[in-house]
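Asker: Got a predicted structure plus its sequence, pasted below:
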Amino acid sequence: MIFIYTDGASRGNPGPGGYGAVMLYGSLRKELSEGFRLTTNNRMELLSVIAALEALKKEGLAVTIYSDSKYVVDAVEKKWVFDWEKKNFKDKKNVDLWKCFLELYRKHRIKFIWVKGHDSNVENNYCDQLAVTAAQGKHLKIDEGYENFIKD
């Protein structure tokens, strides 16, 4: 079983943002974070999950993801995202990320667990620190999916 903790942050919504993820497998630990110059909190929440799933080296793994994002957890656990996909994501935001997520999701056996943000979950709190620090970085990347969308 691989355990993944994720969080996203943005300073302003939209504004500079970042994500953080911690991946645990036995005694192994991997931390991921990245910052973007203009994005939204929901995009960073979802991107944290995507980045962690992309870091997995094998397919067919049992994965438990802990997130404080109702947006992400409910979309998957309540099966909303699968309905959105059937309707070609009509009138939905973050389509680029949801499509990427679904491709990765189908490669593994994934369960989401919602945790209360800024509460007693040590790893989730650490992910929040990673995300905030990434959002405050000097060399922020371009969230092309977001910036291209707002130009349309």
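Answerer: Okay, I see it.

Asker: Skip the chain neighbours and tell me the closest residue to E54.
Answerer: L104 (6.5 Å; CB to CB, 6 or more residues apart in numbering). All C-beta spots, glycine's among them, are computed from the backbone N, C-alpha and C.

Asker: The one you found: what secondary structure?
Answerer: helix (DSSP: H, G, I helix; E, B strand; the rest coil).

Asker: Run through the residues that contact it.
Answerer: Counting by CB atoms under 8 Å, 6 or more residues apart in numbering, L104 touches I50, L53, E54.

Asker: same thing with K70?
Answerer: W114.

Asker: what about L47, distance to T6?
Answerer: 9 Å (CB to CB, to the nearest Å).

Asker: more neighbours, these two?
Answerer: Neighbours were counted for L47 and for T6 using other CB atoms under 10 Å; T6 has more, 33 against 28.

Asker: Give me the pLDDT for the residue nearest to that one when sequence neighbours are not counted.
Answerer: Leaving aside its chain neighbours, T6 sits nearest to S48 (3.7 Å; criterion: CB to CB, 6+ apart). Predicted confidence (pLDDT) for S48: 98.

Asker: ok, then the element right after the helix or strand containing S48?
Answerer: If you go by DSSP states H and E, S48 is part of helix 41-54. Next in sequence after helix 41-54, counting helices and strands by DSSP H and E, comes strand 62-67.

Asker: sorry, back to before: let me have the contacts of L104 in a markdown table, extended by distance to A135 and neighbour count.
Answerer: Below are these laid out as a markdown table (distance: CB to CB, whole Å; neighbours: other CB atoms under 10 Å):
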| residue | distance to A135 | neighbour count |
| --- | --- | --- |
| I50 | 17 | 20 |
| L53 | 21 | 24 |
| E54 | 20 | 10 |
